[in-house]
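Engineer: got a predicted structure plus its sequence, pasted below:
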Amino acid sequence: MELLGLYHYWVFAVLLMIGFYAVISKSNLIKKLIGLSIFQAAVFLLYITMGKVAGGTAPIIQAGVENAVFSNPLPQVLILTAIVVGISTMALGLGIVVRIKEEYGSIEERDIQEIDRR
Amino acid sequence: MTIIFGVFLLTLMVITALAIVHTQHLFVAVILSGIFSLLMAANFFLLDAADVALTEAAIGAGISTVLFLGALTLTGEAERYRSSSVNRVVALGVVAAITLMVIYATFDKPAFGDPQTPVQQHVAPWYIDTTANDIDIPNVVTAVLASFRGYDTLGEVFVVLTAGIGILFLFSATPTRRKKPQTEQESEVESTAEIKFGEGLRHFLIPQVVGRLLIPFILLFGLYVQFHGDYGPGGGFQAGAIIAAAIILYALLEGEARALRVIPQWVLTGMMAGGAILYSAVGVVCMMLDGNFLEYSVLAADPITGQHIGIIVIEAGVGITVTGVLLSIFHAFAGRRRF
Amino acid sequence: MALDIASWVLLSMGGLFVFIGGVGVLRMPDFYTRIHASSLTDTMGAILIILGIMLQAGASLAAIKLAMILLFLLITSPTATNALASAALLAGVRPCGTDPVMSADKGIDLDTNADAGSLGEGKDT
Amino acid sequence: MYYVATIATLITMALALVRALQGPSVYDRVLAANMFGTKAVLLFSIIAFLYGRPDFLDLALTYALINFIGVFAILEFIRRRPNDAIEDDVTKGDVNDDNVVGR
């Protein structure tokens, strides 16, 4: 049981690093952004995991139910807004990639550096 | 038992993430990230975060696939280079080392779901207790989002607005071609291609009919999520994404040109700014009525009614801004010609 | 009690159908047969499972929501697979076992887009 | 009682994921992704009752309503992309399909 609980944190670590690997080792800019979104998702998962209370339920008070245990609402609020902010900033990143493609004719980091060196 | 379901879904998530990073085909990576987002939403739901799961559902199913595909249309869809083996070994080494360190650190973490940890003891019970007395709406998440931490949410809305403005600025620039100037033939091809691009899925009869049938229901559901957010999972962020998804569906079926005729860009720009201004205006009105910034209690004679009014108005502001920004972003990508 | 048993039976049957469909999607030989398998989970499986839950919900708002979910599922998922199949057909993915000669015999020419258009499903290019 | 249906749905999700990873053609992956979405609708409905919180059916309703938008977007994307890319992809799909038949 203890290990099953820790498994959530392990998955967080693994996902974080899968995203990080894509960011540092891939040359394609869109692939880097996809990696970044995996990284982001891992952080979301960590917050929500820490807010869970055993035997709890979602923090929406039900009429007629007394003494219910609620999970922590605070991380949920932070992540809820972070998801929408995340997609907006991701779109901004994609917009920058599109502009790079238009100016350089490529979205590979390697090509772009070569063109810049010239 | 549900913890085992959670573990199973988490395992599927890791497999999906590995496949996303491994594949060379960006189109496939985008399809797989749709699945990844679904698994993420399921996990949030199992971890008692219904509001977050709803947000992830609205964003992941409706918006993010569309945006990524829009970008892929403009940039091309295959990775040209594999990273060199030295590069890969170094990266893998760094990644493996950090993973092991983080996993080592998890053994010091408090047990999963332990109610005695400091994080569960400190602020959260206060929020849950106070919501029932001071704000009197069932959804604690909405109460914290809109009232207790309203200033924080105002900041988030402005971040979303800034991202939207950034996209509009970026795409207002016309590309300067460095190397090969366009030949006449090429530009001709492009103009015919543009006519084809404008018409959407108009020739696919069945999606057309069913899509038209469903758009009113999606819009209605969006409004339900918007205004039911005080009582169940929902709120401005989710509703904005759902309504934007409905309009995006219309644009896919009928072509961007018609969607832009229904809601022109100047309306969208007005929505982007208007929602944020509505939100801040509530704060200013509170100050004029001798309260603090965003202290809704002064909005009505009864503090609880004041809170209700404030929350409904600022959630509407959030919804309007999110809809405007997401739709502007979509039109910016979809209306861009391929160069 | 009788309701519980009925609901249990429906849920198990639904689970079985969903599982069979899942196996079909994995094991069927080509794209079009896989669509068939996936439709099994989306229609029979979904109907049985949601009916099973509705029996538990009783007459309440939840039952109405479940009915709406079922209705939307039954509308959207065949539309999506139909759109997908027509896109695949237009792009030239062949059903396995049909070589071009056989198709010509039946009067269906899979090669030309014009013909696909006359099937009522769209013209492209 | 809900466990049977939940487990069947979860296993089906895993099978669909395998199909999405294997391909072989793009369309198979899209089909698997779509099927994943409808299974998620069922999973959310069942879990809402498993947790005893039927008001959370909104989540399932969201997916039921907007999951297919992704498929339409993909369709539009396939239609829009330059012709060479389509042919490239289809030949790949065809070769792989033949392999599956031959097995």
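Structural biologist: That came through fine.

Engineer: switch to C-alpha atoms for all contacts and neighbour counts from now on
Structural biologist: OK.

Engineer: hmm, which helix or strand of chain B has the shakiest average pLDDT?
Structural biologist: In chain B, the helix or strand scored least confidently by mean pLDDT, DSSP states H and E is helix B:184-197, which has a mean of 47.

Engineer: quick check: next helix or strand after it?
Structural biologist: helix B:205-227 (DSSP states H and E).

Engineer: tell me if that next one is near chain A.
Structural biologist: No: if you take C-alpha under 8 Å from any C-alpha of the partner chain as the test, helix B:205-227 misses chain A, and the best it gets is 14.4 Å.

Engineer: list the helices and strands the next helix or strand after that helix packs on?
Structural biologist: The element immediately downstream of helix B:205-227 (helix or strand, assigned by DSSP H and E) is helix B:236-254. If you count contacts as 3 or more C-alpha pairs under 8 Å, 6 or more residues apart in numbering or on different chains; DSSP states H and E, helix B:236-254 packs onto helix A:73-104, helix B:50-57, helix B:205-227, helix B:256-262, helix B:303-334, helix D:57-80.

Engineer: rerun at 10 Å
Structural biologist: Under the contact definition 3 or more C-alpha pairs under 10 Å, 6 or more residues apart in numbering or on different chains; DSSP states H and E, helix B:236-254 sits against helix A:73-104, helix B:50-57, helix B:65-75, helix B:205-227, helix B:256-262, helix B:303-334, helix D:57-80.

Engineer: pLDDT of the second one, averaged?
Structural biologist: Pointing back at helix B:50-57 there. For helix B:50-57, the mean pLDDT works out to 92.

Engineer: do the shortest one as well
Structural biologist: Averaging the model's pLDDT scores along helix B:256-262 yields 88.

Engineer: what's downstream of it, the next helix or strand?
Structural biologist: Once the chain leaves helix B:256-262, the following helix or strand, as judged by DSSP H and E, is helix B:265-288.

Engineer: list the buried residues in that following helix.
Structural biologist: Of the residues in helix B:265-288, those buried by neighbour count under the rule 16 or more other C-alpha atoms under 10 Å in any protein chain shown are B:265, B:268-269, B:271-287.

Engineer: A:F70 contacts A:P59, correct?
Structural biologist: Yes: checked against C-alpha atoms under 10 Å, the pair A:F70 and A:P59 is within contact range at 5.0 Å.

Engineer: now the common contact residues for these two.
Structural biologist: Residues touching both A:F70 and A:P59 comprise B:48, B:128, B:140, with contact defined as C-alpha atoms under 10 Å, 6 or more residues apart in numbering or on different chains.

Engineer: nearest to chain D, of these?
Structural biologist: B:D48 (9.4 Å; C-alpha to the nearest C-alpha).

Engineer: pick the most buried one from the helices and strands packed on helix B:236-254.
Structural biologist: Neighbour counts (mean count of other C-alpha atoms under 10 Å in any protein chain shown) averaged over each of the helices and strands packed on helix B:236-254 peak at helix B:50-57, with a mean of 29.

Engineer: what is that helix packed up against?
Structural biologist: Under the contact criterion of 3+ C-alpha pairs under 10 Å, 6+ apart, helix B:50-57 touches helix A:73-104, helix B:26-46, helix B:140-143, helix B:236-254, helix D:57-80.

Engineer: so does the longest one get close to chain B?
Structural biologist: Yes: legend: contact between helix A:73-104 and chain B by C-alpha under 10 Å from any C-alpha of the partner chain is shown at A:73-104.

Engineer: how far does that helix sit from its chain's centre?
Structural biologist: A distance of 10 Å separates the centroid of the chain from that of helix A:73-104, by C-alpha atoms, centre = their mean, to the nearest Å.

Engineer: buried ones in the next helix or strand after it?
Structural biologist: Beyond helix A:73-104 in the direction of the C-terminus, DSSP H and E gives the next helix or strand as helix A:109-117. For helix A:109-117, a neighbour-count test (16+ other C-alpha under 10 Å) marks A:111-112 as buried.

Engineer: give me the residues contacting helix A:109-117.
Structural biologist: With contact meaning C-alpha under 10 Å, 6+ apart, helix A:109-117 is reached by A:26-29, A:100-101, A:103-106, B:80-81, B:83.

Engineer: what angle sits between that helix and helix A:73-104?
Structural biologist: Inter-element angle recorded for helix A:109-117 and helix A:73-104: 50 degrees (by axes from the mean of the first three to the mean of the last three C-alpha atoms, to 10 degrees).

Engineer: just the CA coordinates for helix A:109-117, please, in CSV.
Structural biologist: These are the backbone C-alpha positions of helix A:109-117, laid out as CSV (Å, rounded to 0.1, in the frame of the first residue of the first chain):
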residue,chain,number,x,y,z
GLU,A,109,17.7,23.7,-34.2
ARG,A,110,20.7,22.5,-36.1
ASP,A,111,19.7,24.2,-39.4
ILE,A,112,18.8,27.4,-37.6
GLN,A,113,22.2,27.6,-35.9
GLU,A,114,23.9,27.0,-39.2
ILE,A,115,22.0,29.8,-40.8
ASP,A,116,22.8,32.1,-38.0
ARG,A,117,26.5,31.3,-38.1
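
Engineer: out of the shared contacts of A:F70 and A:P59, who's the most crowded?
Structural biologist: Scoring the shared contacts of A:F70 and A:P59 on neighbours with other C-alpha atoms under 10 Å in any protein chain shown, the highest-scoring entry is B:V140 at 31 neighbours.

Engineer: can you put the helices and strands packed on helix B:236-254 in TSV and add distance to B:A239?
Structural biologist: Converted to TSV, these look like this (distance: least, C-alpha to C-alpha, whole Å):
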stretch	distance to B:A239
helix A:73-104	11
helix B:50-57	9
helix B:65-75	17
helix B:205-227	5
helix B:256-262	19
helix B:303-334	6
helix D:57-80	10
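
Engineer: longest helix of chain C?
Structural biologist: Among the elements of chain C assigned as helix by DSSP state H, the one spanning the most residues is helix C:61-91.

Engineer: distance from the chain centre to it, please.
Structural biologist: For helix C:61-91, the separation from the chain centroid amounts to 8 Å (computed by C-alpha atoms, centre = their mean).

Engineer: again, but for stretch B:73-85
Structural biologist: Going by C-alpha atoms, centre = their mean, where stretch B:73-85 is centred and where its chain is centred differ by 26 Å.

Engineer: low-scoring stretches of chain D, by residue?
Structural biologist: Chain D contains residues with pLDDT under 70 at D:81-103.

Engineer: in it, which spans are helices?
Structural biologist: Ranges of helices within chain D are D:3-22, D:26-50, D:57-80, D:83-102, based on DSSP H.

Engineer: would JSON lines of those with distance to C:A2 be doable?
Structural biologist: Output for those, formatted as JSON lines (distance: least, C-alpha to C-alpha, whole Å):
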{"stretch": "helix D:3-22", "distance to C:A2": "19"}
{"stretch": "helix D:26-50", "distance to C:A2": "19"}
{"stretch": "helix D:57-80", "distance to C:A2": "25"}
{"stretch": "helix D:83-102", "distance to C:A2": "47"}
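
Engineer: of all these, which one is nearest A:L6?
Structural biologist: Shortest distance between A:L6 and those, using C-alpha to C-alpha, is found for helix D:3-22: 21.5 Å.

Engineer: quick one, the closest one and helix D:26-50 angle?
Structural biologist: Here helix D:3-22 runs at 160 degrees with respect to helix D:26-50, directions being taken by the same axes, to 10 degrees.

Engineer: and helix D:3-22, what does it pack onto?
Structural biologist: Checked by 3+ C-alpha pairs under 10 Å, 6+ apart, helix D:3-22 has helix B:2-22, helix B:26-46, helix C:2-27, helix C:46-57, helix D:26-50 packed alongside it.
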